[in-house]
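> what would the 3D arrangement of this be:
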Amino acid sequence: MTPCLETGAWPTQPEQLAALNQRVEDLEDLRELNQAIKRPGNMPLVPWAKAKKDLGLA
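Numbers count the residues shown, from 1 in each chain. Below is the predicted model of the structure:
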């Protein structure tokens, strides 16, 4: 960890823990996203116009 750019103060242990927890959550989200992207395999994509219509946006 490095000092805060605004104050020059070093983060406290709770701040470090919170930052690390957030990083772990972000990495877990990224892993889930990557798995979801791989999951459909060779399923056809839904055209954007149809998706908007199905969602009532068009």
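> what number of residues lie near residue 48?
Other residues near residue 48 come to 10 when the count uses other C-beta atoms under 10 Å. From N, CA and C alone the C-beta is placed, and that goes for glycine too.
> can you give me the helices for the chain?
13-38, 48-54 (DSSP state H).
> pull out the buried positions in the first one.
In this case it means helix 13-38. Using 16 or more other C-beta atoms under 10 Å as the test for burial, helix 13-38 gives no buried residues.
> just to revisit the earlier point, using TSV, lay out the helices of the chain together with mean pLDDT and distance to residue 6.
TSV is the format used below for those (pLDDT from 0 to 100; distance: least, C-beta to C-beta, whole Å):
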stretch	mean pLDDT	distance to residue 6
helix 13-38	91	13
helix 48-54	95	42
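> quick one: which of those helices is nearest residue 7?
The closest of those to residue 7 is helix 13-38. By C-beta to C-beta, the value is 11.7 Å.
> sorry, back to before: save the helices of the chain as a markdown table, and put in distance to residue 7 too.
Listed next are those as a markdown table, based on distance: least, C-beta to C-beta, whole Å:
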| stretch | distance to residue 7 |
| --- | --- |
| helix 13-38 | 12 |
| helix 48-54 | 46 |
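> how close does residue 45 get to residue 51?
Going from residue 45 to residue 51 by C-beta to C-beta, to the nearest Å gives 9 Å.
> neighbour count: the two, which is higher?
residue 51 (12 against 8).
> wait, what's in contact with that one?
Contacts for residue 51 (C-beta atoms under 8 Å, 6 or more residues apart in numbering) come out as none.
> mind checking how far it is from residue 35?
Counting by C-beta to C-beta, the gap from residue 51 to residue 35 is 22 Å.
> go on, residue 49?
28 Å.
> also residue 54?
In terms of C-beta to C-beta, residue 54 sits 24 Å off from residue 35.
> cool, residue 53 as well?
From residue 53 to residue 35 the distance is 28 Å (C-beta to C-beta).
> with residue 6 instead?
Residue 6 is 37 Å from residue 35, by C-beta to C-beta.
> give me the phi and psi for residue 44.
phi -70, psi 150 (degrees, to the nearest 10).
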